[in-house]
Each structure stands twice: as C-alpha cells, then as structure tokens.
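**Student:** Pasted the sequence and its predicted model underneath.
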Amino acid sequence: MADEERTEIRRWSSRRVWTVGLLGAGVTLVALAFAVAAIVHSSDEVGGPSDQVEYQARIRAGRSGLFPGTLHVEAERRVPVGAESRIGIWACGPDSGVACPAATATSGPVPDASREPVAVPLGARVRIDLTGGNPEAMTVRSVDATGDPAQPLTERDDVAYWAWFVKATRPGTYPLVASVSVLAGDSETLLIPRERVDIELTVTRTGAYTAREATRGGWVVTQWLVGTVIALLGTGLITAATLARWRRGHRRGPGRSRRRPTRAGRPDA
C-alpha cells in the first residue's frame, strides 16, 4: 500500500512539472509575441532605413531649391509707454525689385540704425514668430492671429509680410526676437536652423504716466506716514500707561503694602 502511494505521488509530481513547464512556455511565447509587435510598431512610427533615406532626400531637395533673400524690419524704435506700436517684417526674394515696399521706401518708421536688410535663405514656406523678452511688461499680438503664420516664398520674385502690435506698460528698453523658420513643403520640418533677428524697442515716459506714478507714490508715502503715526501713538500710549502705574506704586510707598503690627497691651499696674 505504501509503495502504491509513493508511485502515485511521483506520478502526480511529474504531471505537475509538465503542467508548470507548459504554462511557463506559453507565457514566454506570449511575451515574445508582444515584444515583436512592439518592435514592429515602433519601427513603423520611427521609420525604417528606407524612410530615413526618403526623408534625407526630401530635405536635400528642399535645400537645393533655396535662394538668398532679405528681411526688412519696419518699427518705431522709440514709442511712448502705454501706446500700441506696429512692427512689420518684409521678406523679399532677390528678384522682387519694386514689389518689395521696404526695399524702396524712403520714409516712415524704420530701424533706428539704418535700412540695412537682414540676409536669410528663402525658396520654401517661411514662418516668422515675434516674441518679447519681458512678457509681464510687454504684450505682443499678431495682426493676423487667425491665419497661417507660414507663407510661401518659393519664387525669386515673391514677397511676404508679417505684422504685430506691441505695447509696454512700463518705460524701459525691451528686446524682441523674430525667429525665421524655413519649412519643408507643407510640414513643420526645418530645412535649415532658425534664423534670429534682434529688435530693440525703447519705451519712453509720458506726462500722464509720470503723474500717475507720482500719485501712486504719494499714496504709498501717505500710507507709510499714517502707519508710522499710528505705531508711534500706540507706543506712546503704552509708555504713558506704564509710567502712570509706576508712579502710583511709587507714591504708595513700600510701607503701605505691609500689614501694620498690632499694638501690644499695657501690663497691669
């Protein structure tokens, strides 16, 4: 009987071993299947060697079609505080000629140094974004906020224009940066690194701003004076109360605070 039970136990142990082994193999196969699917999916997203070759060929083709162009900045470099000022940037192809208003303009708001244009490559879709260095004190908004900021400049005589309104709430010197992106086709892929155009805007004081600041400063001084007077009065009252208590205690004298001794009776005669 004992031998039969030991045989049965060994038999069940072998079955369990096979079961566990099969389950482990199944789990391993499922994990391998998921890993292969993930690798295939990631390679589809990233792109295989053929996709990379096609991408590089598209970039080279886009770069080969670029030609030298110019940017012209139109901006009043000194503006009063609180006033909205317009900043415009023209992008002109080398054969645009009189079609580029900024290149032939002789009056109007111009850069403070000169009318020298900024050389940039054109020949594709171009987007220009203007940002300010101090967003808390200066707001920048596009004139055409609902349109596509990228414009096609694929021909040598093409001309494009971007404009923004800027307004500062405090006087000072504010740096602005115009970022020029040359894009491949209809995508957001850069054909070349972004070009940077620095624009400096000086915001000057006005009579109304000075009067408002003076009023605000006077109110601050008044608040400080009132607070100081109240603090001094409070300190004076506390000091006076302390002195009054001390004087009352001094006038009373130390003997008044002690009990009087009882008079001893006279001895009998």
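**Tutor:** Sure, I can see it.
**Student:** in the top strand by length along the chain, what's buried?
**Tutor:** Longest strand in the chain by number of residues, with DSSP state E as the criterion: strand 172-183. Buried residues in strand 172-183, counted by 16 or more other Cβ atoms under 10 Å: 174, 176, 178, 180-183. C-beta here means a position set from N, CA and C on the backbone, and glycine is covered the same way.
**Student:** same question, stretch 130-138
**Tutor:** Here stretch 130-138 shows 130, 132, 137-138 as buried, counting by 16+ other Cβ under 10 Å.
**Student:** And the contacts of it?
**Tutor:** 87, 89, 139-140, 142, 162, 164, 166-170, 172, 174-179, 199, 201, 203 (Cβ atoms under 8 Å, 6 or more residues apart in numbering).
**Student:** Over to stretch 91-100?
**Tutor:** Contacts of stretch 91-100 (Cβ under 8 Å, 6+ apart): 67-72, 90, 102-104, 117, 120, 122, 126, 128, 151, 153, 155-162, 180.
**Student:** Which of these fall within strands?
**Tutor:** With strands defined by DSSP E, the entries of those inside them are 67-72, 90, 120, 122, 126, 128, 151, 153, 159-162, 180.
**Student:** For PyMOL, write the selection for the buried entries among the residues you listed.
**Tutor:** To isolate the buried ones among the ones in strands among the contacts of stretch 91-100 in PyMOL, judged by 16+ other Cβ under 10 Å, type:
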select buried, resi 69+70+71+72+90+120+122+126+128+151+153+159+160+161+162+180
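**Student:** neighbours around S187, how many?
**Tutor:** Other residues near S187 come to 11 when the count uses other Cβ atoms under 10 Å.
**Student:** Then W164?
**Tutor:** There are 24 residues near W164, going by other Cβ under 10 Å.
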